[in-house]
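Enquirer: sharing a model that was predicted from the sequence below.
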Amino acid sequence: MLACEELPMRPLLVILIGISFVLSPVAALAGRPPTAPASQPSETDRRQAFELSRKAADFIDAQKWPEAEKTLNDSLALVPDNFVCLYNLALVHATTGRSEAAVEDLEKATDAGFTDFHRLLNDPAFVPLRELPRFDRLLARREQIRHHAAERVLDELKASFGQRYRYELDEAHQLALAARIDQSALDEAAASLRVEQQSLAEQLFSHPPDELVRVIIASSLDFSKLEHRADVGGHYDDATRTILVKRPGPELGHEYVHALHAADQHALGQEHPVWLSEGLATLYEQPGYTPATQPASPRMIPADTWRLARVQAAARQKALIPIDKLIAMDRAAFTARADLAYGESGSLLLYLYDRQLLKKFYDAYTAGYGADRAGAVALAAVTREALPDLQHKWVEWLLARPVPPRSSQAITR
């Protein structure tokens, strides 16, 4: 059993059994017959299991192991293949010295769809399991497990959206797509996502997705049943690794950055501030491209968007959010100023990119994350400027830039 101070990782997020819980209402609301057998848990059971799983996570945080174990077992009695609860039960069993039981839990979790081996290998609770041959055999099957999970996700997407959608599974790039668009548009969207992943791997993120990312390009009707906010054209749900958009274009580019950034954060064990997350995502809404010969295949590069006009107007009126306040905003405050905060964050990061400092900033920030959650120290270090001086130079730079035309598909937030 590990000492309490050796357990820095939180329990796995409470997401029930993944995409089926999130998407099951779509099939029902669209009037399609249910595809799941009658023995599947009811919606009531799923919701009750969700609440129990959330409660168990709180018990784990409080290191109340008996209470956590009982609550997890109660949840699994309702939804036996909830891989989140199975993983968290393994964590409880490993922490309380029951290594064989923990490996059995992990085997069940991987059978149910768990594929986050990076987390598994980096969670200190599972260090004692490394002495067990059974655990080694589980790790040796990781590619087979990932393949099985990918096929299961594709089956779930098909069951949820039916024959009107087109589907593509790209295990090499950890992508599963379900799209209500024609085949040529789907091929183009999938190719664009592959280029985006390769570009960001070269430019910024050191850790590619270790789990399948679901990309749903939904019909207007299906989108409205899953996303009720009128001013949102897409979102990324990190709990289920799912992107939902109305169409290919700026929304998809924006949300895929969130998925790639989330994968990097998971690998680093970090949770970055909203200004950085949304700022990076805006850089690839209307990206530029390198020439096809540099390198052999083109790469996306960060570029200005239509948001620049709003930022320039605020700069001229001396109404910009000061950098020190922008980077300290929580999500609620950031969203309340979304008309300006998104554009400001993206413009500041584009300024760094233009000065060949974006990668240096990101690396400095992630290296010093523990003492610099907002990024102020890293900004000052890589630019060699105090924040007020950085703001002055950045504003001069942004006011001189031409505003690109607003895309007909430009996102609203």
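Expert: The structure has been received and is ready for your questions.

Enquirer: switch to C-alpha atoms for all contacts and neighbour counts from now on
Expert: Fine.

Enquirer: all helices of the stretch 51-200 of the chain, in order?
Expert: 65-78, 83-95, 99-111, 117-122, 133-140, 142-161, 183-203 (DSSP state H, counting those that start in this stretch).

Enquirer: list the helices and strands the second one packs on?
Expert: For helix 83-95, the contact count by 3 or more Cα pairs under 8 Å, 6 or more residues apart in numbering; DSSP states H and E identifies helix 43-61, helix 65-78, helix 99-111 as packing neighbours.

Enquirer: sorry, back to before: with distance to residue 337 and mean neighbour count added, can I get the helices of the stretch 51-200 of the chain in a markdown table?
Expert: Output for the helices of the stretch 51-200 of the chain, formatted as a markdown table (distance: least, Cα to Cα, whole Å; neighbours: other Cα atoms under 10 Å):
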| stretch | distance to residue 337 | mean neighbour count |
| --- | --- | --- |
| helix 65-78 | 39 | 20 |
| helix 83-95 | 35 | 27 |
| helix 99-111 | 41 | 21 |
| helix 117-122 | 34 | 14 |
| helix 133-140 | 46 | 14 |
| helix 142-161 | 35 | 18 |
| helix 183-203 | 27 | 16 |
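
Enquirer: looking at the ones you listed, which one has the lowest mean pLDDT?
Expert: Ranked by mean pLDDT, these bottom out at helix 117-122, with a mean of 85.

Enquirer: just the strands in the stretch 251-400 of the chain please.
Expert: Applying DSSP state E, counting those that start in this stretch to the stretch 251-400 of the chain gives strands spanning 288-289, 300-301.

Enquirer: let me know which of the ones you listed is tucked in deepest.
Expert: Comparing the strands of the stretch 251-400 of the chain by mean neighbour count (mean count of other Cα atoms under 10 Å), strand 300-301 ranks first with a mean of 19.

Enquirer: give me the contact list for it.
Expert: 195, 196, 199, 284, 287, 288, 289, 290 (Cα atoms under 8 Å, 6 or more residues apart in numbering).

Enquirer: sorry, back to before: how about the helices of the stretch 51-200 of the chain in JSON lines, adding distance to residue 219?
Expert: What follows is the helices of the stretch 51-200 of the chain, written out as JSON lines (distance: least, Cα to Cα, whole Å):
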{"stretch": "helix 65-78", "distance to residue 219": "32"}
{"stretch": "helix 83-95", "distance to residue 219": "30"}
{"stretch": "helix 99-111", "distance to residue 219": "32"}
{"stretch": "helix 117-122", "distance to residue 219": "34"}
{"stretch": "helix 133-140", "distance to residue 219": "39"}
{"stretch": "helix 142-161", "distance to residue 219": "10"}
{"stretch": "helix 183-203", "distance to residue 219": "13"}
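
Enquirer: residue 369 is nearest to which of these?
Expert: helix 117-122 (18.0 Å; Cα to Cα).

Enquirer: against which helices or strands is the closest one packed?
Expert: helix 250-268.

Enquirer: quick one: end-to-end distance for stretch 257-277.
Expert: 8 Å (Cα to Cα, to the nearest Å).

Enquirer: could you pull out the buried residues of that stretch?
Expert: Judged by neighbour count (16 or more other Cα atoms under 10 Å), stretch 257-277 contains these buried residues: 257-268, 272-277.

Enquirer: stretch 363-380 now?
Expert: Counting neighbours by 16+ other Cα under 10 Å, stretch 363-380 gives 363-366, 369, 373-380 as buried.

Enquirer: the contacts of strand 300-301: which two are farthest apart?
Expert: Using Cα to Cα for every pair in those, the one that comes out farthest apart is 284 and 290, at 13.4 Å.

Enquirer: the more surrounded of these two?
Expert: When residue 284 is set against residue 290 and neighbours are counted by other Cα atoms under 10 Å, the residue ahead is residue 284, at 26 against 13.

Enquirer: can you tell me how far the more buried one is from residue 252?
Expert: 9 Å.

Enquirer: same question, residue 77
Expert: Distance from residue 77 to residue 252, by Cα to Cα: 38 Å.

Enquirer: cool, residue 130 as well?
Expert: Distance, residue 130 to residue 252, by Cα to Cα: 40 Å.

Enquirer: okay, those two: which has more neighbours?
Expert: For residue 130 versus residue 252, neighbours defined as other Cα under 10 Å are more numerous around residue 252 (29 against 14).

Enquirer: endpoints of stretch 231-240, how far apart?
Expert: 22 Å.

Enquirer: what comes up buried for it?
Expert: Neighbour count says stretch 231-240 has 233, 234, 235, 236, 240 buried, by 16+ other Cα under 10 Å.

Enquirer: tell me where the stretch 251-400 of the chain is predicted with low confidence.
Expert: Scanning the stretch 251-400 of the chain for pLDDT under 70 picks out 292-296.

Enquirer: what's near enough to touch residue 142?
Expert: Here residue 142 is in contact with 115, 117 (Cα under 8 Å, 6+ apart).
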